[in-house]
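Asks: build me a structure from this.
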Amino acid sequence: MTFAAASTTTVAIDPTVLALLPISGVALTIIAGLVGAWIQSRREHKRWVREQRYEAYTRTIHVGSTVRAVATEIVAIVRDIQKGKIPESKRESTAARLKERTAHLNALSDAVSERMAPLVILGPKTVSDAYVALIESMGPPEAMDLDKVNRAESVLSEAMRKALGVKDY
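Replies: Sure, this is the predicted structure:
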């Protein structure tokens, strides 16, 4: 065997290509870094929105349940008065209690309005619409239909859970 016949051909790489290889590698690294930062930014924003929604939703539920409790108490007092269940000795204190609870309910109307802004800003619209429906379902205490309020609360809770991405387990 002779090795002298073996060919030794090599392909020369253009010096321009050799110069562009590190530059293209750096460019690809920069682009990948920017894409990674953009993806991370989107994740952080989604997490922030979810946290803000959670805070707004829990405050909204708290105010809604407070309004419901006060309104339910007013309904019970009014019904007892109308049915004559209040003894003469307690009528004055019951009337004072009714006046105090009604004033508390009126004061809560500001809190109800304040809770609407974050719901509108943070969305989605289904949550703010469900909140409005809940508040409207409570109506004036003397005309409050608890079944209607319960349905409206369920719709609101479901809209909030969906917006937060909470799945039923």
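
Asks: C-alpha only now, for contacts and for neighbours.
Replies: Fine.

Asks: roughly how far does the closest residue to A111 other than its chain neighbours sit from R115?
Replies: Leaving aside its sequence neighbours, A111 sits nearest to V63 (C-alpha to C-alpha, 6 or more residues apart in numbering; 6.9 Å). V63 sits 8 Å away from R115, going by C-alpha to C-alpha, to the nearest Å.

Asks: ok, back up a step: now the element after the helix or strand that contains the residue nearest to A111, going C-ward?
Replies: Taking DSSP states H and E as the definition, one finds V63 inside helix 15-82. Next helix or strand after helix 15-82 toward the C-terminus (DSSP H and E): helix 91-122.

Asks: what sits up against the helix or strand that that next one is followed by?
Replies: For helix 91-122, the succeeding helix or strand toward the C-terminus, using DSSP H and E, is helix 125-138. Identification of contacts with helix 125-138 by C-alpha atoms under 8 Å, 6 or more residues apart in numbering yields 64, 68, 71, 116, 119-120, 144-146, 148-149, 152-153, 155-156, 159-160, 163.

Asks: buried sites along helix 125-138?
Replies: Neighbour counts over helix 125-138 (16 or more other C-alpha atoms under 10 Å) mark 126-135, 137-138 as buried.

Asks: and the lowest-mean-pLDDT helix or strand in the chain, what does it pack against?
Replies: None of the helices or strands of the chain scores lower by mean pLDDT, DSSP states H and E than helix 91-122, at a mean of 87. In this structure, helix 91-122 makes packing contacts with helix 15-82, helix 125-138, judged by 3 or more C-alpha pairs under 8 Å, 6 or more residues apart in numbering; DSSP states H and E.

Asks: list the buried ones in the helix or strand just after the shortest one?
Replies: This points to helix 125-138. Later in the chain than helix 125-138, the nearest helix or strand by DSSP H and E is helix 146-164. Neighbour-count burial for helix 146-164 flags 149, 152-153, 155-161, 163-164 (criterion: 16+ other C-alpha under 10 Å).

Asks: where is pLDDT lowest across the buried residues of helix 125-138?
Replies: The member of the buried residues of helix 125-138 with the lowest pLDDT is M138, at 82.

Asks: follow-up on the earlier one: what is the helix holding V63 packed up against?
Replies: Checking 3+ C-alpha pairs under 8 Å, 6+ apart, helix 15-82 ends up next to helix 91-122, helix 125-138, helix 146-164.

Asks: mind putting these into CSV with distance to I23?
Replies: Shown next, in CSV, are the helices and strands packed on helix 15-82 (distance: least, C-alpha to C-alpha, whole Å):
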stretch, distance to I23
helix 91-122, 44
helix 125-138, 48
helix 146-164, 44
